[in-house]
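In: below are the sequence and a predicted model; questions follow.
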Protein chains: 2
Amino acid sequence: MTTSRPGLRKSPQQERSKHMVDRIVAAGRQVLGEHGYERATTNRVAEAAGISPGSLYQYFPNKEAVLSAVVDAYSTEIAEQLTAVVTEHLDRPPLELMRASYEGLLEILESNREYVRLMARELPRARVAPHVDQLERRLSELVGAYLAVSRPTDRVKPAVSAWLLVRMVEHLCVQWVLEEPGFSRETLVDELMHLSAAHLAPT
Amino acid sequence: MTTSRPGLRKSPQQERSKHMVDRIVAAGRQVLGEHGYERATTNRVAEAAGISPGSLYQYFPNKEAVLSAVVDAYSTEIAEQLTAVVTEHLDRPPLELMRASYEGLLEILESNREYVRLMARELPRARVAPHVDQLERRLSELVGAYLAVSRPTDRVKPAVSAWLLVRMVEHLCVQWVLEEPGFSRETLVDELMHLSAAHLAPT
DNA sequence: GCGTGACACGAGCAATTACTCGCATACAAT
DNA sequence: ATTGTATGCGAGTAATTGCTCGTGTCACGC
């Protein structure tokens, strides 16, 4: 048995089944979106993928693995978009980089509202936590390193600033997208900028 | 059939069963904490309450109602503690009120870590949303009204400020309690004060 | 004491669900 | 063509779970 991907029962060896895993993951995403987490069953996923339950279990050892793969694929997709936006503006001055990042984040979240709803509302936090935690840690380290170099303030340690800013910005953006409160995106970005700048400003 | 409480099948009419509902709710809370949401079954709740499944269903129409009652009772408990702390310092100047509220919130969250873990990690957000949304709306209105009177800034509308501040403070405090990052409670409060003050400061 | 209704029980039903297994089929090499 | 193997099928199984119902018990008014 040759398992090249973790959580997979076997890797396809014939052409016709190369895309089976992806089809199952896509079907899982669809079922999760349409029926919600509690009504997401393996049989339903198989049906949505146009295959039989037996076939599904040739590629995934159990339900857990299927859902994990769905979350993983979706998260990776979003994380890649985010890093792309940030690296795109990495050479610009700090304030512009910040604003571009915030606007990029909102852009991504808004055009992936289904993903946001899934991760932040539908799925039990315990299942999403590993992925979100990892992303937040990575971002915190990145921001922390950036701040450690530019050292805009000595009131707070870079790591603390990074922790606060990452979680604050992320949560407010996610909530804004989900709740759609009665104020504009520019207002949100402006206020996030104001808050961030105030926090980083030297005493 | 006399139903005085919503979601209850009947209200007790003999002394020995007056506390049945509370016992069931307490058992539900315990089961939820010990076994997690996915393994919380009605039979387990009944067992934890020391009664039979049949008895449970004399007071609750279905599983949903039991869990709802658990979340409701728990939330009410916490909300009362919070409002108590705030009203305790309502006569003091704004900045002191703010600091006292933040410290009170953290005090409450820290001494109810099990509750926080349950609401923010264990339960699917969709189940908690009604309660959390209601609390957040109530808080936002309260803060909004307070800001509308004192009008510390005209850069942002009071409602917007309230929305931002409530969600920011709540989320950062909850995350701080859950993640236990490497910095002190005073640091957190100081930075929350700094952020809030900066946001509210006039241009 | 006795009768009545509230209360409690717990075995078990009906439905759901994760997962399997024996069999059919498509493919590649000989 | 034939054979060996990878792939796919889908009815079926064992276990779980929400919930019921027939039966029994206890408290209280008479």
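Out: In hand now; what should we look at?
In: so where's chain A uncertain?
Out: Confidence mapping of chain A against pLDDT under 70 gives the ranges A:1-18.
In: closest residue of it to chain B?
Out: Closest to chain B within chain A is A:A198: 3.2 Å, counting by CB to the nearest CB. Every residue, glycine included, has its C-beta placed from N, CA and C.
In: where do the helices of chain A begin and end?
Out: Ranges of helices in chain A, per DSSP state H, are A:20-35, A:42-49, A:53-59, A:63-88, A:94-110, A:113-117, A:125-150, A:158-179, A:185-200.
In: hey, which of these is tucked in deepest?
Out: The highest mean neighbour count among those, using mean count of other CB atoms under 10 Å in any protein chain shown, belongs to helix A:158-179: a mean of 21.
In: ok so, going back, list the contacts of the nearest residue to the residue of chain A closest to chain B once chain neighbours are set aside.
Out: In this structure, A:A198 finds its nearest non-sequential neighbour in B:A198, 3.2 Å apart by CB to CB, 6 or more residues apart in numbering or on different chains. By CB atoms under 8 Å, 6 or more residues apart in numbering or on different chains, the contact set of B:A198 is A:194-195, A:198-199.
In: contacting residues around A:N62?
Out: Counting by CB under 8 Å, 6+ apart, A:N62 makes contact with nothing.
In: wait, A:R121 touches B:V128, no?
Out: No: with contact defined as CB atoms under 8 Å, A:R121 does not count as touching B:V128 (9.7 Å).
In: Serialize the helices of chain A to JSON lines and add fields for distance to B:V70.
Out: Listed next are these as JSON lines, based on distance: least, CB to CB, whole Å:
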{"stretch": "helix A:20-35", "distance to B:V70": "25"}
{"stretch": "helix A:42-49", "distance to B:V70": "28"}
{"stretch": "helix A:53-59", "distance to B:V70": "34"}
{"stretch": "helix A:63-88", "distance to B:V70": "25"}
{"stretch": "helix A:94-110", "distance to B:V70": "32"}
{"stretch": "helix A:113-117", "distance to B:V70": "25"}
{"stretch": "helix A:125-150", "distance to B:V70": "17"}
{"stretch": "helix A:158-179", "distance to B:V70": "25"}
{"stretch": "helix A:185-200", "distance to B:V70": "35"}
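In: contacts only, for the residue most central in space within chain A.
Out: Geometric centre of chain A, nearest residue: A:S75, 3.9 Å, by CA atoms, centre = their mean. Contacts of A:S75 were listed using CB under 8 Å, 6+ apart, and they are A:119, A:131-132, A:135.
In: in a markdown table: those, plus distance to DNA strand C.
Out: Formatted as a markdown table, these follow (distance: CB to the nearest atom of the strand, whole Å):
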| residue | distance to DNA strand C |
| --- | --- |
| A:M119 | 20 |
| A:H131 | 20 |
| A:V132 | 23 |
| A:L135 | 27 |
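In: could you list which of the residues you listed also contact DNA strand D?
Out: Subset of the contacts of A:S75 in contact with DNA strand D: empty, counting by CB under 7 Å from any atom of the strand.
In: ok, the closest residue to A:V128 other than its chain neighbours - contacts?
Out: Nearest residue to A:V128, sequence neighbours excluded (CB to CB, 6+ apart): A:M119, at 5.3 Å. Counting by CB under 8 Å, 6+ apart, A:M119 makes contact with A:71, A:74-75, A:128, A:132.
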